[in-house]
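>>> quick one, what's the 3D model for this:
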Amino acid sequence: MADPSDWLDLLHREAESELTPAETEALHALPDQEEVARWRLRLSETTAHLSALPPPGLPASCAQAVAAEVAWSVRLNAARPELPHSLAGAVASDIAAACQLQTQSIPPLPHSLAAGVVGDIRAARQLRPPPIPSSVAAAVASEIAWAGRVQAPAPALPRSVAGAVVARIAQPEAEAVSPPPINPVPVSPAASSSSVSGFVSPLKPRHNPAPLALVVALMAGLTLLAVTTVWPNLAAGALVLQTLLAQVSPLAGVGLALLLLTSALVSWRPGPVMQRFGAGAFALSAVLTLPALYSVAVHGDVRFGQNIVVSGSVDGNVIAVGGHIRLEAGARVNGEVVTLLGDVRRDPGAQVSGRVNALLGHAPDDLDALETAPPQGIGIATAAAFRPLLGWLGSAAWPQIFVTLTGGALLLLFVAGLAPTLARRQRHAPMRTLALGVLALTALGGPALALALAGLLGPALVAAALAVVILAVGLSVSAYDLGRTLARRLRLPVPDAVGAMLGLSAVAASLSEPPLAFGLALIGGAWGAGTLLLARGGVRTA
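Below is the predicted model:
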């Protein structure tokens, strides 16, 4: 039998009814009809199976693409734009002109004009008008004014008393009843005023308030701009400060208000009655304020530039300036947790009776914490620069540094010869100097605190450093005055030098009792600072 590949095509065509008579006879003439019948059956079954299958999905329509192609074909076959005019003529003309110019010889240059130009420049310099001198109108006006004053009519001289003196000498002493009256000729007001104005009273310049008003307006605008920029930080800091002050006794607020009011009244009207009233008011305010301030300062944990880890119980506030605070699981804080330029990490189980406050930092583990945005931009660089300085401030031995600073200031005042003068001024007006010192320290401390809460650490640190220096210098003046008074009472030799040593020794000895050192530094520093201000202003003490 032939190869099935030869007659399978005939079977396919038979199924499609496309066989010719000759092909049909050839198919029937095959010797193995059973094999042909079997293949015919397979073909019919396969065709039936294929017919039962679902028709395949049509491909995506390409009508839109064809339509777009047709549209573009129509556009491209539209009327073509006309070509621009030919440039062949112009190019040929340029080439011909270039050839003609290259064949011609270069004309000779004219004679040089350099000498003539140099001569013109020299003539112009010689003919330039000379510079106009400065105006002499003001000097001429001043000369005319002074000439008018000098040439004013001189006052009339009084009449001569020589005749009266000779007659009095010639009279006998017994007949002398009274000396003849001397009636000087009155000087005319015009002559007197012109003479005084010409020789005594100089011209007073007019006061122009415009520069002062401009500077005040500029400062007010800059202050308003700064306040509006840092207002969120100020508001949050004020809320934290209010919470901290709520833990202080109300008597401390009364004492502080009494202190400021008394200082203002004594500085305004430093009379004897006001000074006696001020002494009692100052004593009462010290009794009300200093214990409360010291209790707030010593209770709790306050650190500068250092991190704080709380694992146990703390009775008071936990405050970190320039550092982070971590509250472990067993921490119990009976107060507020405050960080300035730092973060607060609170483990589960840590208890805080107050509120967690992260000023210029974050408190991610406490949803109820009060946060203010940390510094951005150049503020980050400023904060990074001040962190090492805050760390040094937190690790330094401040009592010893303050005593050393006070001793250095006292030595400078003593060597310069200013210490006795300042001591006498403080002793003659004690209440007024104390009042001025309190006002000066308040004027420095309030803005420094506001600047720190607003995130402006640079100005705040400068103001705080200035306040510390003023306290140290003022304490040196007060210590010198107290030591010299004690040395004179005891009749010790060289009371000035011995008094300085006694005063400085008393300040150093007070460090063993922190409450005493705290009160002595505040009162003595404010007292001496007021003395410095009073001596600087040249005010006459009462």
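
>>> report the distance from stretch 426-446 to the chain centre.
28 Å (CA atoms, centre = their mean, to the nearest Å).

>>> can you list contacts of that stretch?
259-260, 262-267, 270, 274-275, 278-279, 282, 425, 463, 466-467, 470-471, 474, 477-478, 481, 485, 523, 525-531, 533-534, 541-542 (CB atoms under 8 Å, 6 or more residues apart in numbering). C-beta here means a position set from N, CA and C on the backbone, and glycine is covered the same way.

>>> how many neighbouring residues does residue 302 have?
17 (other CB atoms under 10 Å).

>>> shouldn't it be in contact with residue 319?
Yes - with contact defined as CB atoms under 8 Å, residue 302 reaches residue 319; the gap is 4.6 Å.

>>> any low-confidence regions in the stretch 251-400 of the chain?
Scanning the stretch 251-400 of the chain for pLDDT under 70 picks out 296-300, 375-398.

>>> which stretches of it form helices?
272-298, 378-395, 398-416 (DSSP state H, counting those that start in this stretch).

>>> wait, residue 323 touches residue 339, no?
Yes - with contacts counted by CB under 8 Å, residue 323 reaches residue 339, the gap being 7.1 Å.

>>> higher neighbour count, those two?
residue 339 (27 against 22).

>>> residues touching the more buried one, list them.
Counting by CB under 8 Å, 6+ apart, residue 339 has contacts 319-321, 323-325, 357-359, 361.

>>> what segments of the stretch 1-150 of the chain are helices?
So, for the stretch 1-150 of the chain - with DSSP H, counting those that start in this stretch - the helices run 4-15, 21-28, 33-52, 63-76, 88-103, 114-127, 137-150.

>>> and the angle for the third one with helix 21-28?
The one in question is helix 33-52. 110 degrees (axes from the mean of the first three to the mean of the last three CA atoms, to 10 degrees).

>>> list the buried ones in helix 33-52?
residue 36 (16 or more other CB atoms under 10 Å).

>>> what helices or strands is that helix leaning on?
Helix 33-52 sits against helix 4-15, with contacts defined as 3 or more CB pairs under 8 Å, 6 or more residues apart in numbering; DSSP states H and E.

>>> ok, the fifth one next?
Contact analysis of helix 88-103 by 3+ CB pairs under 8 Å, 6+ apart lists no helix or strand as a packing neighbour.

>>> figure out how far it is from the centre of its chain.
With CA atoms, centre = their mean, you get 74 Å for helix 88-103.

>>> can I get the CA coordinates of it in PDB?
Written as PDB, here are the backbone C-alpha positions of helix 88-103 (Å, rounded to 0.1, in the frame of the first residue of the first chain):
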ATOM      1  CA  ALA A  88      21.000  80.400  -7.400                       C
ATOM      2  CA  GLY A  89      21.100  83.900  -8.900                       C
ATOM      3  CA  ALA A  90      22.000  85.600  -5.600                       C
ATOM      4  CA  VAL A  91      24.700  83.000  -4.900                       C
ATOM      5  CA  ALA A  92      26.200  83.500  -8.400                       C
ATOM      6  CA  SER A  93      26.200  87.200  -7.900                       C
ATOM      7  CA  ASP A  94      28.000  87.000  -4.600                       C
ATOM      8  CA  ILE A  95      30.600  84.700  -6.100                       C
ATOM      9  CA  ALA A  96      31.200  87.100  -9.000                       C
ATOM     10  CA  ALA A  97      31.500  90.000  -6.600                       C
ATOM     11  CA  ALA A  98      34.000  88.100  -4.400                       C
ATOM     12  CA  CYS A  99      36.100  87.200  -7.500                       C
ATOM     13  CA  GLN A 100      36.200  90.900  -8.500                       C
ATOM     14  CA  LEU A 101      37.200  92.100  -5.100                       C
ATOM     15  CA  GLN A 102      40.000  89.500  -4.900                       C
ATOM     16  CA  THR A 103      41.400  90.600  -8.200                       C
END
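
>>> quick check: the gap between the closest residue to residue 14 other than its chain neighbours and residue 37.
Excluding the flanking residues, the one nearest residue 14 by CB to CB, 6 or more residues apart in numbering is residue 27, at 6.8 Å. Computed as CB to CB, to the nearest Å, the residue 27 to residue 37 distance reads 11 Å.

>>> strands of the stretch 301-450 of the chain, residue ranges please.
301-304, 308-310, 313-314, 318-321, 325-327, 332-333, 337-340, 344-346, 351-352, 356-359, 370-371 (DSSP state E, counting those that start in this stretch).

>>> let's have those in a markdown table, adding distance to residue 254.
Putting the strands of the stretch 301-450 of the chain into a markdown table (distance: least, CB to CB, whole Å) gives the following:
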| stretch | distance to residue 254 |
| --- | --- |
| strand 301-304 | 25 |
| strand 308-310 | 33 |
| strand 313-314 | 29 |
| strand 318-321 | 25 |
| strand 325-327 | 33 |
| strand 332-333 | 29 |
| strand 337-340 | 25 |
| strand 344-346 | 33 |
| strand 351-352 | 30 |
| strand 356-359 | 26 |
| strand 370-371 | 28 |
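
>>> what's the most buried one of those?
Across the strands of the stretch 301-450 of the chain, the average number of neighbours (mean count of other CB atoms under 10 Å) peaks for strand 337-340, which reaches a mean of 27.

>>> give me the mean pLDDT for stretch 412-423.
Averaged across stretch 412-423, the pLDDT comes to 84.

>>> likewise for stretch 441-458?
75.

>>> what do you get for stretch 516-525?
The model assigns stretch 516-525 a mean pLDDT of 83.

>>> mind listing what's buried in it?
So for stretch 516-525, counting by 16+ other CB under 10 Å, buried means 517-525.

>>> pLDDT score for residue 45?
The predicted local confidence for residue 45 is 86.

>>> who's in contact with residue 405?
Contacts of residue 405 (CB under 8 Å, 6+ apart): 468-469, 472.

>>> quickly list the domain ranges of the chain.
With domains defined by automatic domain parsing, the chain comprises 229-297, 301-375, 392-537.

>>> let me have those domains in CSV, adding distance to residue 55 as columns.
Output for those, formatted as CSV (distance: least, CB to CB, whole Å):
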stretch, distance to residue 55
domain 229-297, 72
domain 301-375, 64
domain 392-537, 76
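
>>> for residue 138, find the nearest of the ones you listed.
domain 392-537 (35.7 Å; CB to CB).
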